[in-house]
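J.: Starting from these lines, generate the structure:
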Amino acid sequence: MNSFYVNSAQVSWFDNDLLSIFQTSFDATAYDDGLITELNPDYHAFIQKAVTKRKSEFVAGRFCALKSLQKWGIGDAFIPVGEKRSPVWPSGIIGSISHCQSYAMAVTTQSRYSKAVGIDVEDMVEPEMADKLQDTIINPDELVLQAGIEPPNVVFTLIFSMKESFFKAVYPHVGYYFDFSAISLQTIDWHMGRAEFKINQNLSDTFKTGDRLSGQFKMLEDKKIVTLIHIKNNPSEYREP
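T.: Sure thing, here's the model as predicted:
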């Protein structure tokens, strides 16, 4: 395997057979355009003018996506860039891609079982930056969560990442951008790696004000947080009674 990819592996952190999650670290100093050709030459059209950093992220993300798809018997697929830069998945598949500093991951699932899925990975936000961005990310009803056992910047990073995962999951249903105030985390279970949240505004006929959902998360050893939103097709499994 090219030295660009490091410690690539399928992961089962969230114990969910409906999902396929693949992750890799990557070394941007080992990047060359041949990596794009190895995945699919047609990808050149989307990133040929990008800087090396962006190309590295794109290649690592699509590599993870293709590896993730193998669980569903899809060995070779082209995943173009669609509306609002969203990946366009093969028929019958929904998925999500994320990356941060030298790390990328992707999740896929079959649409016959799942309504929505979103994944996000973030480097831990430093305390000074968390303080600076707090008013744009954290809702007033979420401030109480920062008084828990974890430092405020860790809580901030988790809330930010969970909101990113939610956006990725529901954007295909909503079709427009919405801001961070659209949902509020209500509880965080650091031991179980689960967060409960509510929707604060009508986003679509499917995702409405007052709906309560949950997401999962995992703290990685290298100061990264991974968050996941997975919504099954049965509305009773996520809609508040």
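J.: wait, what's in contact with Phe46?
T.: If a contact means Cβ atoms under 8 Å, 6 or more residues apart in numbering, then Phe46 has Phe58, Pro80, Val81 as its contacts. For the C-beta atoms, the positions are set from N, CA and C on the backbone; glycine is no exception.
J.: again, 10 Å this time
T.: Ile36, Lys55, Phe58, Arg62, Pro80, Val81, Arg85 (Cβ atoms under 10 Å, 6 or more residues apart in numbering).
J.: Chain neighbours aside, what residue packs nearest to the third one?
T.: In other words, Phe58. Excluding its sequence neighbours, the residue lying closest to Phe58 (Cβ to Cβ, 6 or more residues apart in numbering) is Ile47, at 5.0 Å.
J.: Helices of the protein, start to end?
T.: Assigned by DSSP state H, the chain shows helices spanning 34-39, 44-47, 52-69, 127-137, 152-174.
J.: Any chance of a PyMOL selection covering the buried ones in the contacts of Phe46?
T.: To isolate the buried ones among the contacts of Phe46 in PyMOL, judged by 16 or more other Cβ atoms under 10 Å, type:
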select buried, resi 36+55+58+62
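J.: can you tell me which two in the contacts of Phe46 are farthest apart?
T.: Ile36 and Arg85 (17.0 Å; Cβ to Cβ).
J.: which of the residues in stretch 146-158 are buried?
T.: Buried residues in stretch 146-158, defined by neighbour count with 16+ other Cβ under 10 Å: Gln146, Pro152, Asn153, Val154, Val155, Phe156, Thr157, Leu158.
J.: Considering those residues, which is situated nearest to Ser111?
T.: Closest to Ser111, out of all of those and judged by Cβ to Cβ, is Leu158, at 27.9 Å.
J.: residues touching the residue nearest the centre of the chain, list them.
T.: By Cα atoms, centre = their mean, the chain has its centre lying nearest to Ile119, at 2.0 Å. Ile119 makes contact with 14, 19, 21, 23, 64, 95-98, 105-108, 161, 164-165, 168-169, 215-216, 226-230 under the criterion Cβ under 10 Å, 6+ apart.
J.: how deep is the residue nearest to Ala28 when sequence neighbours are not counted tucked in, by neighbour count?
T.: Closest residue to Ala28 apart from its sequence neighbours, by Cβ to Cβ, 6+ apart: Ser56 at 4.1 Å. Ser56 sits with 23 neighbouring residues when counted by other Cβ atoms under 10 Å.
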